[in-house]
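Asker: No sequence on hand, only this structure:
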Ligand SMILES: Cc1cc2nc3c(=O)[nH]c(=O)nc-3n(C[C@H](O)[C@H](O)[C@H](O)COP(=O)(O)O)c2cc1C
């Protein structure tokens, strides 16, 4: 009985660690090469996380902008509807020098369980043929495995070899109320993932 209890506690701890640490699938060992972080961010959470990743990984970074403003209520609702309907938006840049990089970190906020519109548009319009891709998202709630697989499928359709899926939550639940995390907290949580992301890039996990 005691042993069963111990095993259950260990499983719960392992489950909790997974919630903050993300997943890196077994990949062939390879030379890490150059990494480009591509991100879209509407309110700065994903941007804050990506900027610290850039410093820690020594990677290049490129923001993908949505040319249709999502700052107004109307713009945001229109973006949400387009996301739900699988439509695209106007983005800048339209493409990057994919051939110059070995690894891509594709980073976006989650909208209606999918990548934020500008990033989904970018992924659908570009090819990552044969490139290692690591997904890094921010979202208010923990994104379950089912949706992680859908994100990975989008990248696979664009030719990428998905090596990992990482996430940082943008909300805490305090006394049954949702409280937005500060950018500092988001950066702190991102820092906890750096070792695993580095290992994922290096193909060590
Ligand atoms: C239109 C819209 C839809 C969203 N949908 C979800 C969702 O389905 N699940 C979730 O956990 N968070 C959702 N969020 C919350 C964002 O993913 C989260 O706040 C994210 O950290 C914002 O990142 P940003 O500051 O880089 O834009 C949504 C936010 C917006 C604006």
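Answerer: Yep, that arrived. Keep in mind that this is a model prediction, so the values were computed, not measured.

Asker: Low-confidence ranges, this protein, go.
Answerer: The chain contains residues with pLDDT under 70 at 1-21, 26-32, 205.

Asker: near the ligand, which residues of it?
Answerer: For the chain, the residues in contact with the ligand (Cβ under 6 Å from any ligand atom) are 41-47, 76, 79-80, 109-113, 138-141, 170. (Each C-beta comes from the backbone N, C-alpha and C, glycine too.)

Asker: Spatially central residue for this protein, please.
Answerer: Nearest residue to the geometric centre of the chain (Cα atoms, centre = their mean): residue 136, 1.8 Å.

Asker: helix, strand or coil for that residue?
Answerer: For residue 136, the reduced secondary structure class is strand; criterion used: DSSP: H, G, I helix; E, B strand; the rest coil.

Asker: One more: residue 61?
Answerer: Following three-state DSSP, residue 61 is assigned to strand.

Asker: element containing residue 50, please.
Answerer: Residue 50 is part of helix 45-57, with elements assigned from DSSP states H and E.

Asker: mind listing what's buried in that helix?
Answerer: Under the neighbour-count criterion of 16 or more other Cβ atoms under 10 Å, helix 45-57 has 45, 46, 47, 48, 49, 50, 51, 52, 53, 54, 57 buried.
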